[in-house]
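Novice: Here is my input; please provide its structure:
(one chain, ligands or ions: 1)
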Amino acid sequence: MPSLLEPFRPLNDPIKDWANRTVWLVGGSEGIGLALGQELLARGARLVVSARRADRLSEAFPQAEVCKLACDIAQPESLGSACAYLDRAGLVPDVVFWVAGVYSPMQSWNFDPNEAEKTLRINLLSCYYGLHQVLKLWQDNPSPSRQPHWVWVSSVAGYRGLPLAMAYGAGKAALNQLAEINYLELRPRGIGVSLVLPGFVKTRLTAQNDFAMPALLSPEDAARYTLKGLAKGDFEIHYPRRFTLILKLLRCLPYGLYFRLVGRLRQG
Ligand SMILES: NC(=O)c1ccc[n+]([C@@H]2O[C@H](COP(=O)([O-])OP(=O)(O)OC[C@H]3O[C@@H](n4cnc5c(N)ncnc54)[C@H](OP(=O)(O)O)[C@@H]3O)[C@@H](O)[C@H]2O)c1
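Specialist: Below is the predicted model:
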């Protein structure tokens, strides 16, 4: 019989100890990914970092023990080669952080469909390519010591429709749902899944915003909040709460209220 405490149990196995865990950090050359990589390295993880620019990866992680694996996640062949390398090099990851993402402001009355396609290819379609490849790696390399865990880095911009986020917000909303489906289907197979939803973080991605960003965090803080959530075994890791809880509240409003409120905030 399920215990009364069941709903309060962690949804994933808490990850507190990173020593000797092999981590594949996709999108680790800048911003949140870079800060996560530095923190994971300090905590003893065996790190593989990926991004498109090989030179930038070497600059960001000069440490010899870090495996720099350049790849473009928007290209399934590039991801396929990266996964084949992980297999050959004995670096099948225990934990995958899927952090890479791009943002360009886009409005419904004035947008470039090619740019929208590019955003969705990197922020959403790549997630399918990557998950498919890594699940195959996990299937082909079963290990009793490995507790596989997948971390999607999404955004609170996926909670509800927001101005300027025509491709970005729609992609992140889909990613949020993808993560929920993955949890339901992979957790019973022993694979942990977490969904990370940062508020505003000071990186090159948000440097293009020309408005005041409330509760702006440093990438280092974002990395620490993320690892804290994983240490608690959370599925949903959202931060900073002083900002994300308001957005969660807005999520519950009926459209009549939500549209008026967001419209007014935008004008004001
Ligand atoms: N900053 C925020 O306020 C904020 C808030 C909520 C959510 N997020 C999410 O957090 C994640 C990281 O954002 P960030 O702010 O840290 O951005 P960032 O500083 O621009 O870093 C993005 C990373 O993704 C890599 N990347 C981009 N396209 C790629 C591709 N096609 N293939 C491989 N790597 C690629 C970039 O490296 P290369 O350019 O070398 O490829 C870089 O390492 C994104 O998913 C973003 O949506 C950010």
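Novice: Apart from its neighbours in sequence, what residue is nearest residue 157?
Specialist: residue 169 (4.5 Å; C-beta to C-beta, 6 or more residues apart in numbering). Every C-beta, even on glycine, is put in place using the N, C-alpha and C of the backbone.
Novice: From the contact counts, what lies against whatever helix or strand that neighbour lives in?
Specialist: For residue 169, the host element (DSSP states H and E) is helix 168-186. Counting contacts by 3 or more C-beta pairs under 8 Å, 6 or more residues apart in numbering; DSSP states H and E, helix 168-186 packs against helix 113-120, helix 126-140, strand 149-153, strand 192-198.
Novice: export these to TSV and tack on distance to the ligand, mean neighbour count and mean pLDDT?
Specialist: Shown next, in TSV, are these (distance: least, C-beta to the nearest ligand atom, whole Å; neighbours: other C-beta atoms under 10 Å; pLDDT from 0 to 100):
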stretch	distance to the ligand	mean neighbour count	mean pLDDT
helix 113-120	9	14	98
helix 126-140	7	17	97
strand 149-153	5	24	98
strand 192-198	4	24	98
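Novice: how about a markdown table for those, with distance to residue 186 added?
Specialist: Shown next, in a markdown table, are the helices and strands packed on helix 168-186 (distance: least, C-beta to C-beta, whole Å):
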| stretch | distance to residue 186 |
| --- | --- |
| helix 113-120 | 23 |
| helix 126-140 | 8 |
| strand 149-153 | 7 |
| strand 192-198 | 6 |
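Novice: Residue 20: how many residues sit nearby?
Specialist: Counted with other C-beta atoms under 10 Å, the neighbours of residue 20 add up to 10.
Novice: quick one: it is in a strand?
Specialist: No: under DSSP: H, G, I helix; E, B strand; the rest coil, residue 20 sits outside any strand and is assigned coil.
Novice: what sits against it?
Specialist: When contacts are counted by C-beta atoms under 8 Å, 6 or more residues apart in numbering, residue 20 is found next to 44, 45, 46.
Novice: The residue of the stretch 51-200 of the chain found nearest the ligand and residue 240, how far apart?
Specialist: Here the residue of the stretch 51-200 of the chain nearest the ligand is residue 101; by C-beta to the nearest ligand atom that distance is 2.3 Å. Residue 101 sits at a distance of 19 Å from residue 240 (criterion: C-beta to C-beta, to the nearest Å).
Novice: still on that earlier bit, how far does the helix holding residue 169 sit from the chain's center?
Specialist: Helix 168-186 sits 11 Å away from the centroid of its parent chain (C-alpha atoms, centre = their mean, to the nearest Å).
Novice: follow-up on the earlier one: which SS state does the residue of the stretch 51-200 of the chain closest to the ligand fall under?
Specialist: Going by three-state DSSP: residue 101 is coil.
Novice: and residue 222, that's in a helix?
Specialist: Yes: with three-state DSSP as the criterion, residue 222 is located in a helix.
Novice: and it, how many residues sit next to it?
Specialist: The local packing of residue 222 (other C-beta under 10 Å) involves 26 other residues.
Novice: for it, what are its contacts?
Specialist: With contacts defined as C-beta under 8 Å, 6+ apart, the neighbours of residue 222 are 32, 35, 36, 198, 201, 239.
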